[in-house]
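Q: Generate a structure from the sequence data that follows.
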Amino acid sequence: MPLALLFHRDIKPANVLLSTCYGCVWPKTTDFGSVARLAHVGASVATLRHSALYVPPEGWTTPGAYEVRSDLYQVGLVLFEMANGALPYIGEAYFDRQSRHELREFAAASNGIFSSVDRQRIANRAIARAADGNGVVEFGKKQHHALKSLMRIIKRTTAPDPSQGYGAISEMIGELEALRIPDWTPSGCGDKFVPSQWNEWDWRVEKCDKKPEVWVVKRSRKTSSCPNAKSCTANRRANRIANGEIFVKNSLLASALRP
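A: Coordinates of the predicted model:
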């Protein structure tokens with residue numbers, strides 16, 4: 001779309017569908033009702049605030065304007081949620097000191113009567129300040145297994161200062177394609193995913209037996225041949241997990257697949 005000077009302006013998880021084709025899962029962007037075309041490279045288009053959480057910092061200015069990096073900002077937020085889980089979708093989660101002050105003033109003027117619209121307006125202003133400050137991703141729960149290299153890309157993409165972001169989508173795509181991530185493939189009945197012999201280990205993502213709603217990353221490998229098995233540290237470690245699995249708390253892989 002950017003190559004055709006078209007911008008979506010409303011990229012969010014709800015507008016991304018997953019399609020399976022030839023054994024691979026492909027993301028498909030949907031809902032093109034907000035698409036706008038740039039007059040020329042370097043131009044900007046009018047701001048839309050359909051989904052406050054995904055509005056970039058420049059979208060909150062008056063007058064607001066979307067540019068090349070605006071769609072990339074929204075893509076960065078979606079990537080953050082793919083790697084770490086959903087951001088808070090309750091407006092009050094973003095309330096700051098100024099928001100609470102606004103609530104007290106509004107309560108005094110309206111005898112404590114609030115409507116959902118009034119609270120959402122206060123929440124939207126808080127989200128705007130967060131987007132222009134440390135970023136709304138600071139309100140998300142960062143997972144320890146998320147790829148650090150991916151998180152650096154996300155941080156740059158969602159940076160409040162446009163000069164810190166990507167100047168072109170090709171630059172961001174280049175860094176994403178350079179990430180070293182295994183190629184996960186379905187195994188069994190669709191509740192297991194494996195990339196065989198990645199980093200000399202057999203990996204597996206599967207549902208936890210005791211908690212079906214929880215997915216865990218496991219790894220295992222066969223016992224390596226060693227002439228001095230008793231004194232070989234590497235072999236002892238391999239023996240410990242031969243024909244078994246160990247839970248990987250610091251996996252670089254869990255963010256590659258969020259079932």
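Q: Going by C-alpha atoms from here, please, whenever you check contacts or count neighbours.
A: Noted.
Q: In the stretch 1-150 of the chain, mark out all the strands, start to finish.
A: For the stretch 1-150 of the chain, the strands defined by DSSP state E, counting those that start in this stretch cover 6-7, 16-21, 24-29, 36-37, 45-46, 65-66.
Q: And these, which one averages the lowest pLDDT?
A: Note on these: strand 45-46 shows the lowest mean pLDDT, a mean of 76.
Q: Could you spell out the sheet neighbours of it, each with its direction?
A: strand 65-66 (antiparallel) (DSSP bridges).
Q: Would you pull up how far the strand it pairs with lies from the middle of the chain?
A: 22 Å (CA atoms, centre = their mean, to the nearest Å).
Q: Identify the residues contacting it?
A: For strand 65-66, contacts defined as CA atoms under 8 Å, 6 or more residues apart in numbering pick out 9, 44-47, 58-59.
Q: can you pick the most crowded of those residues?
A: Among the contacts of strand 65-66, the one with the most neighbours (other CA atoms under 10 Å) is Arg9, at 29 neighbours.
Q: Report the separation between that residue and Tyr54.
A: Separation of Arg9 from Tyr54 (CA to CA, to the nearest Å): 9 Å.
Q: Repeat that for Val45.
A: 16 Å.
Q: got it, and Phe106?
A: From Phe106 to Tyr54 the distance is 26 Å (CA to CA).
Q: Give me the more crowded residue out of those two.
A: More neighbours surround Tyr54 than the other of Phe106 and Tyr54, with 26 against 17 (other CA under 10 Å).
Q: count of neighbours near the closest residue to Pro162 other than its chain neighbours?
A: Nearest non-adjacent residue to Pro162, counting by CA to CA, 6 or more residues apart in numbering: Arg69, 7.5 Å away. Number of residues near Arg69 (other CA under 10 Å) recorded here: 21.
Q: what residues are up against the residue sitting nearest the centre point of the chain?
A: Centroid-nearest residue in the chain, with CA atoms, centre = their mean: Phe80, separated by 1.9 Å. For Phe80, the contact set (CA under 8 Å, 6+ apart) comprises 137, 151, 154.
Q: Looks to me like Asp219 is in a helix.
A: That one is not Asp; residue 219 is Arg. No - looking at Arg219 with DSSP: H, G, I helix; E, B strand; the rest coil, it is strand, so not inside a helix.
Q: burial count for the closest residue to it other than its chain neighbours?
A: Sequence neighbours aside, Trp203 is the residue nearest to Arg219 in space, at 4.3 Å (criterion: CA to CA, 6+ apart). For Trp203, the count of nearby residues is 23 (other CA under 10 Å).
Q: what separates Tyr94 from Val136, distance-wise?
A: Counting by CA to CA - Tyr94 and Val136 are separated by 8 Å.
Q: what sits against the residue lying closest to Asn124 once chain neighbours are set aside?
A: Leaving out its chain neighbours, the residue that sits closest to Asn124 by CA to CA, 6+ apart is Ala52, at 6.1 Å. Ala52 is in contact with 124, 127-128, counting by CA under 8 Å, 6+ apart.
Q: Need the residues that contact the helix or strand encompassing Gly174.
A: Taking DSSP states H and E as the criterion, Gly174 maps to helix 169-177. Residues from elsewhere that reach helix 169-177 (CA under 8 Å, 6+ apart): 2, 68-69, 72, 150, 153, 166.
Q: if we can go back for a sec, what about the residue nearest to Asn124, distance to Leu79?
A: 17 Å.
Q: Many thanks, I have nothing further to ask.
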